[in-house]
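Novice: Generate a structure from the sequence data that follows.
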Amino acid sequence: MSRHYDSASRLLHWLSAVLIVSVFAAALIQEEMPRGDARTLVLALHIFVGSGFLVLVILRGGWALLRPKPVEIPMPGWMSASSRIVHASLYALMLAVPLAGIWLYGVRGRPSALLNVTMPSLFQKNDAMRGIAGEIHELLAYALIAFALLHIGAALYHHFILKDGILERMRGAQEKS
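Specialist: Numbers count the residues shown, from 1 in each chain. Coordinates of the predicted model:
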C-alpha cells in the first residue's frame with residue numbers, strides 16, 4: 001500500500017484549493033466594486049464557479065470513499081484526532097458554503113447569467129431571508145478559509161518541523177528507496 005495519494009485525489013485536492021481561493025477572492029473583489037456590468041460579471045463568476053465547486057466537492061467526497069487510503073503516518077493520538085476533526089470540518093464547510101450560497105442566490109431574487117447561461121434558482125425571492133442567508137454564507141466562507149489556513153499550517157509544520165513526509169503525500173513526491 002502506498003504512502004501517497006493517487007493522482008485523482010491529488011488533482012481534486014489542488015483543484016479544490018484553487019477554486020476556494022478564486023471564489024473567495026472574487027467575493028472580496030466584487031464587494032469593493034462599484035455597481036455596474038463589471039461587478040455583475042464578477043458576481044456571476046462567483047456564483048457559477050461556486051456552484052461548480054459544489055459538484056467538485058461531491059465528486060471528491062465520493063472518490064475519497066472509494067479510493068484506497070494511503071498508509072497512515074504515525075503521530076500522537078491528539079494530532080491524529082485533530083487532523084480528522086480539521087479534515088471533517090473542511091469537507092463539511094466545502095459543502096455548506098456553496099449550499100448557503102445557492103440559498104442566498106435564490107432568496108435574492110435576481111437571476112445571474114454567464115455566457116448566456118442563466119443559473120436556475122431553487123428558492124423564491126425573500127427579502128427577509130436575504131440578509132440572514134448572506135450572513136450565514138459569509139460566516140461559513142470565513143470559517144472555511146480559517147480551517148484551510150489551519151490545514152496549510154499543519155502541513156507546513158509536518159513538512160518543515162516534523163519532517164514526517166505528510167506534505168509529500170499530496171504533492172505526489174515519490175518515496176525514496
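Novice: C-alpha only now, for contacts and for neighbours.
Specialist: OK.
Novice: which residues of this protein fall in helices?
Specialist: With DSSP state H as the criterion, the chain has helices at 7-32, 37-66, 77-108, 127-157, 166-171.
Novice: Which stretch among those helices approaches residue 1 most closely?
Specialist: Distance to residue 1, taken as Cα to Cα, is lowest for helix 166-171 among the helices of the chain, at 12.6 Å.
Novice: Tell me which other helices or strands the closest one touches.
Specialist: Helices and strands touching helix 166-171, by 3 or more Cα pairs under 8 Å, 6 or more residues apart in numbering; DSSP states H and E, are helix 7-32, helix 127-157.
Novice: got those helices as a markdown table, with distance to residue 80, mean pLDDT and mean neighbour count columns?
Specialist: Listed next are these as a markdown table, based on distance: least, Cα to Cα, whole Å; pLDDT from 0 to 100; neighbours: other Cα atoms under 10 Å:
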| stretch | distance to residue 80 | mean pLDDT | mean neighbour count |
| --- | --- | --- | --- |
| helix 7-32 | 20 | 97 | 15 |
| helix 127-157 | 11 | 97 | 16 |
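Novice: And the ones you listed: which comes nearest residue 78?
Specialist: helix 127-157 (13.1 Å).
Novice: Could you name the helices and strands sitting against the closest one?
Specialist: On a contact count with 3+ Cα pairs under 8 Å, 6+ apart, helix 127-157 meets helix 77-108, helix 166-171.
Novice: Could you tell me the least trusted of these?
Specialist: Across the helices and strands packed on helix 127-157, helix 166-171 has the smallest mean pLDDT, namely a mean of 88.
Novice: Tell me the buried residues in it?
Specialist: Residues of helix 166-171 classed as buried by neighbour count (16 or more other Cα atoms under 10 Å): 166, 167, 168, 169, 170.
Novice: ok, residue 168 touching residue 4?
Specialist: Yes. Under the criterion of Cα atoms under 8 Å, residue 168 makes contact with residue 4 at 7.3 Å.
Novice: Tell me the pLDDT of residue 116.
Specialist: Residue 116 is given a pLDDT of 82.
Novice: Please apply the same query to residue 174.
Specialist: For residue 174, the predicted pLDDT is 54.
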